[in-house]
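**Student:** Got a predicted model here, sequence first, then my questions.
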Amino acid sequence: MERVYNFSAGPSMLPLEVLEKAQKELVCYGDTGMSVMEMSHRSKPFEKIIQSAEATLRELMHIPDNYKVLFLQGGGSTQFAMIPLNLMNKNKKCDIVLTGQWSKKAKSEASKYGKVNVVASSEDKVFSYIPELDKSKFDPEADYFYITYNNTIYGTRYTQLPDTGNVPLVTDISSIILSEEIDVSKFGLLFAGAQKNVGPAGVTVVIVRDDLIGNAMDFTPTMLDYKTHADNDSLYNTPPTFAIYVAGLVFEWVKEQGGVKAVQEINEKKAGILYNFLDSSDFFKGTVVPKDRSLMNAPFILPTEELNAKFIKEATAAGFVNLKGHRTVGGMRASMYNAMPVEGVEKLVEFMKKFELENK
């Protein structure tokens, strides 16, 4: 069977070159005589794998020396607890902007450990925009200020970051990491579940400034303390070794494409192809305010639920899979992560045009 165009929001498609390299090395990695999956995380070969992955990510994202890169487990959902446990340690307060399901979950988790001040929310319009922020609502005593950089479900992204002054800015970059240039120095902490733009599910990348490590609440479990992992180079316990290995291959692949800036240009082209069609169609309709549109996740709808269902069924049969939108939005969603080729988006738009002619 031929490979399909996988528009899944995550786990999502990986670069074919990465899959083929992993396949080639699956049974025997280098001269070790074993698979990475069989390899001790304390061994020299794996030490080299994880160190190389970190070095390449640092190069790609221009990560300053005063930031640690951690390869953790538990997904982004565990970070919703780790962040307040480690950072909400002075005034027991944080600021947050609600722009979707994931920031709501982050708020719910942080509320267990301190006071959460909701600066703004876009829930009034099903999170279809990034709200304007009123600085007078920022709490200068907040231990951190939390945003979700790109909202996977709703297809919105920040194009202008809030100026939080001395309050550390914290962000979830799960669905935007390595897709566009991000100034790491503007943040105290960034984290990303791997399964969208980095690799297979199982590893979570955390980039955290040194001064935010080592101040965890007294009752913080050992495994939820950033210091535990920073002091042990992400090897305190057995990490998700194979997922880290594949992530390292993806980092090398991004580098081979010309780096994040070059990849961003391709992503802008892909998003432009789809959004230009949506803007010209009076049949398909995008659900996001244009100025806040994500480059990675594009939700859209048809006039009726019946047409939505028919489109998804026929698109799947034609090799365009995982286009069904999240239940809170409905309709469709095309996730166009780094591994999605321009050709995939072009062919999807061709299919959409054909569907419009046949069903309008």
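**Tutor:** Sure thing, it's come through. Numbers count the residues shown, from 1 in each chain.
**Student:** where along the stretch 1-150 of the chain do the helices fall?
**Tutor:** In the stretch 1-150 of the chain, the helices defined using DSSP state H, counting those that start in this stretch lie at 16-25, 44-61, 75-87, 101-110.
**Student:** how about JSON lines for these, with distance to Ser136 and mean pLDDT added?
**Tutor:** Every C-beta, even on glycine, is put in place using the N, C-alpha and C of the backbone. Putting the helices of the stretch 1-150 of the chain into JSON lines (distance: least, CB to CB, whole Å; pLDDT from 0 to 100) gives the following:
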{"stretch": "helix 16-25", "distance to Ser136": "47", "mean pLDDT": "97"}
{"stretch": "helix 44-61", "distance to Ser136": "33", "mean pLDDT": "98"}
{"stretch": "helix 75-87", "distance to Ser136": "23", "mean pLDDT": "97"}
{"stretch": "helix 101-110", "distance to Ser136": "20", "mean pLDDT": "98"}
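**Student:** which one of the ones you listed is the most hemmed in?
**Tutor:** Highest mean neighbour count of these: helix 75-87, a mean of 22 (counted as mean count of other CB atoms under 10 Å).
**Student:** Only alpha carbons, please: show that helix as PDB.
**Tutor:** C-alpha atoms of helix 75-87 as PDB (Å, rounded to 0.1, in the frame of the first residue of the first chain):
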ATOM      1  CA  GLY A  75       3.600  14.400  27.700                       C
ATOM      2  CA  GLY A  76       2.500  18.000  27.900                       C
ATOM      3  CA  SER A  77      -0.100  17.100  30.400                       C
ATOM      4  CA  THR A  78       2.500  16.300  33.000                       C
ATOM      5  CA  GLN A  79       4.100  19.700  32.400                       C
ATOM      6  CA  PHE A  80       0.800  21.300  33.500                       C
ATOM      7  CA  ALA A  81       1.700  20.000  37.000                       C
ATOM      8  CA  MET A  82       5.500  20.300  36.800                       C
ATOM      9  CA  ILE A  83       5.400  24.000  35.900                       C
ATOM     10  CA  PRO A  84       3.500  25.200  39.000                       C
ATOM     11  CA  LEU A  85       5.300  22.700  41.300                       C
ATOM     12  CA  ASN A  86       8.600  24.100  40.200                       C
ATOM     13  CA  LEU A  87       7.800  27.800  39.400                       C
END
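**Student:** Nearest to Glu358, out of the helices of the stretch 1-150 of the chain?
**Tutor:** Across the helices of the stretch 1-150 of the chain, the minimum distance to Glu358, taken as CB to CB, is reached by helix 16-25, at 31.3 Å.
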